[in-house]
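Q: coordinates only, sequence not included:
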């Protein structure tokens, strides 16, 4: 019996030790879970913190970009040149006048007639915004056109070589332009020679820009 008791005691002792070990293991596991929980929450807080930092950073970048764009817009507004209605109208006349001049250079009377019609419209607009004064570019091209018509008309051989379309356009211009010159009178005849040199340079620059493109 004693040995049985001892045996029982010996049997209980290891069992108790195992139970104690198991209890320690459970406690350790609980502590591990506790600290793991803390670490997990720390990680979440860190993630949330980094996320908010990232959002703040993006917000700052957007504000900086918006400021830069607004700054560029304000700079462009400051550098923008405001042109008057008269300047725009005068430029429109000069542009069509160059087209007429280029048409005469290549002997395209049909194109010259089309551009002449445009010229009259643009010249009328410019005259209104310039205090009922004709634009110098208009007066100059009318004078040159009248001279070109007179020179070609005096060369019967050259006239006979014109195509049917060009011949008709030339005939119509020969009937209209001299009448306009007569109506404008001194405004055309008094155009300075320096204006002619200026128009040539304008034409050259226009053709140069066309060749570059």
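A: Noted; the coordinates are in hand. Predicted, not measured: the structure shown is a model, and the values here were computed from it.

Q: residues touching residue 92, list them.
A: Taking C-beta atoms under 8 Å, 6 or more residues apart in numbering, we find residue 92 in contact with 122, 125-126. To be clear about C-beta, it is placed using only N, CA and C from the backbone, and glycine gets the same treatment.

Q: ok, 6 Å please
A: residue 122 (C-beta atoms under 6 Å, 6 or more residues apart in numbering).

Q: can you pull the buried residues of the helix or strand where it lies?
A: Using DSSP states H and E, residue 92 sits in helix 85-105. Buried residues in helix 85-105, defined by neighbour count with 16 or more other C-beta atoms under 10 Å: 89-90, 92-104.

Q: residue 134 and residue 127, how far apart?
A: 6 Å (C-beta to C-beta, to the nearest Å).

Q: go on, residue 156?
A: Using C-beta to C-beta, residue 156 is found at 37 Å from residue 127.

Q: between the two, which one's more packed in?
A: residue 127 (16 against 9; other C-beta atoms under 10 Å).

Q: distance of the more buried one relative to residue 135?
A: From residue 127 to residue 135 the distance is 7 Å (C-beta to C-beta).

Q: can you check residue 113 too?
A: From residue 113 to residue 135 the distance is 20 Å (C-beta to C-beta).
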